[in-house]
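# Following is a predicted model, sequence given first.
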Amino acid sequence: MNKINFIKVKENIQMLMLHSRRPASSIQLLSTLFIMLISGIGYSQNLQTYIDEALENNPNIQAVEKQHAVSTEKIAEVNALPDTQFSGGYMFGEGNMPMMQQAEFSVMQMLPWFGTIAAREKYANAIADADLVEIDIAKRRIALALSQSYYRLYEIAKKQQVLDSNIQLLKVYEQMALTSVEVGQASAVSVLRLQMRQNDLAERKMVLAQDFASEQTVFNKIMNRKDVVDIPVVDSLTIPEKEAEIDFEKLNFHPELTKFEELNKVVTQADALNKKESAPSFGVGVEYMLFNEAPNMVMPMATLSIPIFNKKFKSVARQNKLRYEELNIQKEASQNSLFTQLQTALRNKDAARIRLETQDENLKQAENANEILLKNYETGTINFNEVLDVQELQLQFQIKRIEAVAEYFKQSSIINYYIPFN
């Protein structure tokens, strides 16, 4: 609970304790309790701001971006020609034969078949494009992980606030019970039960504090922060009255599916490159010869390399065909999986809305029951066991309501992973 909210609750509690020392109208008590439970001002950094920071700093994304940079750099690598070959020889000693060769030097450059370098470049570009899709997938996953963590923080924080409000409420009931004990209208056992209930809620609050600290660590690590800093969350989340329509066709453009199209392009370019590499390669060069008693000579040279035994290239062609079929099957399986997961998230989100509406109705009925009990307090016939039972029911409904709201937005973030809302 933030500082401003705590001050307001404290003021409201003091007001209610003054009323508890004498009979008070049920309307006054209910109004004060209602204000105590809902009052508060909160501030939090926008979730999208957190996501933008995480997308910039998360090491998983940086690693995928480096992988894409390596793939892009390989484009320049494939444009290079084979190493130029230099050779030379020199004869030592005295030779008596005329026209005897004294030395020779040669240079030779092998060249791939026409279009081979272009095919290599297209293949490298296709790999780089496939890696680019992985960046989009990584960003979506980081945004999803951060959103899920944020809504878990919200859930824990709201539960802490509810527990704190109920503890303060139990203290008020305890004061009312003590007053009733003094006038002989209640048993001391009621006071003890109220105190034990406070201890139970205090324990749950401390456990939630540990959960919140742990989840804050997770949140900060996703953002790649060295220090674990406090993460303020929104004071409330409101479920929209009407659900946005889902365009399932957009699922076909999800990067987890489009990556298969890019990989198919890689296989296509690999097959085209294999055909080029199965063609002959040739080389050109020149040889310079020095003679003892004759003019030196320059001799142009050419060489041709023919892959007569081309089983290797035929095998690669068959592998590419099998790889293409494999990718198509994987795409179909991934498409079915994504559709199923999206449908599950939509069903879970609808279920969360139903649970929220149910808990809102339960809370209204619990408030009515509480009002009846507080009216009995005016006549001096209040049953604190019934008050405690109603309070416990209210707490359960409040907790379930918080869980329903958090679950709704968790499922919404999953849906946003598959089909972005914006």
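Good, I have the coordinates. Numbers count the residues shown, from 1 in each chain.

# in the protein, which helix or strand is least confident?
Lowest on mean pLDDT, DSSP states H and E among the helices and strands of the chain sits helix 26-38, with a mean of 35.

# and the helix or strand just after that helix, what does it pack onto?
The first helix or strand that comes after helix 26-38 along the chain, using DSSP states H and E, is helix 47-57. Packed against helix 47-57, as judged by 3 or more C-beta pairs under 8 Å, 6 or more residues apart in numbering; DSSP states H and E, are the following elements: helix 116-182. Where you see a C-beta, it was placed from the backbone N, CA and C, and this is true even at glycine.

# ok, then the element right after the helix it packs on?
Counting by DSSP H and E, the next helix or strand C-terminal to helix 116-182 is helix 188-222.

# Just the buried residues of that following helix, please?
190-191, 193-194, 197-198, 201, 204-205, 208, 211-212, 215-216, 218-220, 222 (16 or more other C-beta atoms under 10 Å).

# where does the closest residue to residue 84 other than its chain neighbours land in three-state SS?
Using C-beta to C-beta, 6 or more residues apart in numbering and skipping residues adjacent in sequence, the residue nearest residue 84 is residue 109, 5.1 Å away. Three-state call for residue 109 (DSSP: H, G, I helix; E, B strand; the rest coil): strand.

# Report the contact partners of residue 109.
Residues near residue 109 by C-beta atoms under 8 Å, 6 or more residues apart in numbering: 81, 82, 84, 85, 283, 284, 285.

# now those as CSV including secondary structure?
Formatted as CSV, those follow (three-state DSSP):
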residue, secondary structure
81, coil
82, coil
84, coil
85, strand
283, strand
284, strand
285, strand
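
# For residue 183, give its distance to residue 240.
The gap separating residue 183 from residue 240 is 51 Å, by C-beta to C-beta, to the nearest Å.

# what about the residue lying closest to residue 224 once chain neighbours are set aside, how many neighbours?
Nearest residue to residue 224, sequence neighbours excluded (C-beta to C-beta, 6+ apart): residue 57, at 4.2 Å. If you count neighbours by other C-beta atoms under 10 Å, residue 57 ends up with 14.

# For the nearest residue to residue 216 once chain neighbours are set aside, which residues are in contact?
Using C-beta to C-beta, 6+ apart and skipping residues adjacent in sequence, the residue nearest residue 216 is residue 231, 5.4 Å away. Each residue near residue 231 by C-beta under 8 Å, 6+ apart is listed here: 45, 50, 150, 153, 216, 219, 220.

# again, only using 6 Å
Listed by C-beta atoms under 6 Å, 6 or more residues apart in numbering, the contact partners of residue 231 are 153, 216, 219.

# Counting neighbours, what do you get for the residue nearest to the last one when sequence neighbours are not counted?
Among residues not flanking residue 219 along the chain, residue 149 sits closest, at 4.6 Å (C-beta to C-beta, 6+ apart). The number of residues packed around residue 149, counting by other C-beta under 10 Å, is 24.

# my guess is residue 149 contacts residue 220, does it?
No: using C-beta atoms under 6 Å, residue 149 is not in contact with residue 220; the gap is 9.5 Å.

# And residue 205, how close does it get to residue 262?
For residue 205 relative to residue 262 (C-beta to C-beta), the value is 51 Å.

# How about residue 124?
13 Å.

# same deal with residue 302?
Note on residue 302: its distance to residue 262, by C-beta to C-beta, is 40 Å.

# Where does the nearest residue to residue 166 once chain neighbours are set aside fall, secondary structure wise?
In this structure, residue 166 finds its nearest non-sequential neighbour in residue 395, 5.3 Å apart by C-beta to C-beta, 6+ apart. Here residue 395 sits within helix 384-418, counting by DSSP H and E.

# can you check residue 287 too?
With DSSP H and E as the test, residue 287 turns up in strand 281-291.

# Export only the CA atoms of that strand, formatted as PDB.
The C-alpha atoms that make up strand 281-291 are tabulated as PDB, following Å, rounded to 0.1, in the frame of the first residue of the first chain:
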ATOM      1  CA  SER A 281      35.100 -24.300 -62.900                       C
ATOM      2  CA  PHE A 282      38.000 -22.800 -64.800                       C
ATOM      3  CA  GLY A 283      41.200 -20.800 -64.200                       C
ATOM      4  CA  VAL A 284      43.400 -18.400 -66.000                       C
ATOM      5  CA  GLY A 285      47.000 -17.500 -65.500                       C
ATOM      6  CA  VAL A 286      50.400 -16.700 -66.900                       C
ATOM      7  CA  GLU A 287      53.800 -18.300 -66.700                       C
ATOM      8  CA  TYR A 288      57.100 -16.400 -67.100                       C
ATOM      9  CA  MET A 289      60.200 -18.500 -68.100                       C
ATOM     10  CA  LEU A 290      63.900 -17.400 -68.100                       C
ATOM     11  CA  PHE A 291      66.400 -19.200 -70.400                       C
END
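
# Now tell me what touches it from outside.
99, 101-113, 296-305.

# Could I get the buried residue list for it?
Those would be 281, 282, 283, 285, 287, 289, for strand 281-291 by 16+ other C-beta under 10 Å.

# Just send the residues you listed back as CSV, with distance to residue 387 too.
Shown next, in CSV, are these (distance: C-beta to C-beta, whole Å):
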residue, distance to residue 387
281, 93
282, 97
283, 98
285, 102
287, 108
289, 114
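
# Is the residue nearest to residue 216 located within a strand, as I assumed?
No: counting by three-state DSSP, residue 231 is located in no strand; its state is coil.

# How confident was the prediction at it?
Here, the pLDDT recorded for residue 231 equals 92.

# for residue 400, same thing?
As predicted, residue 400 sits at a pLDDT of 97.

# Is it in contact with residue 359, as I believe?
Yes: shown here, residue 400 and residue 359 form a contact pair, counting by C-beta under 6 Å, at 5.0 Å.
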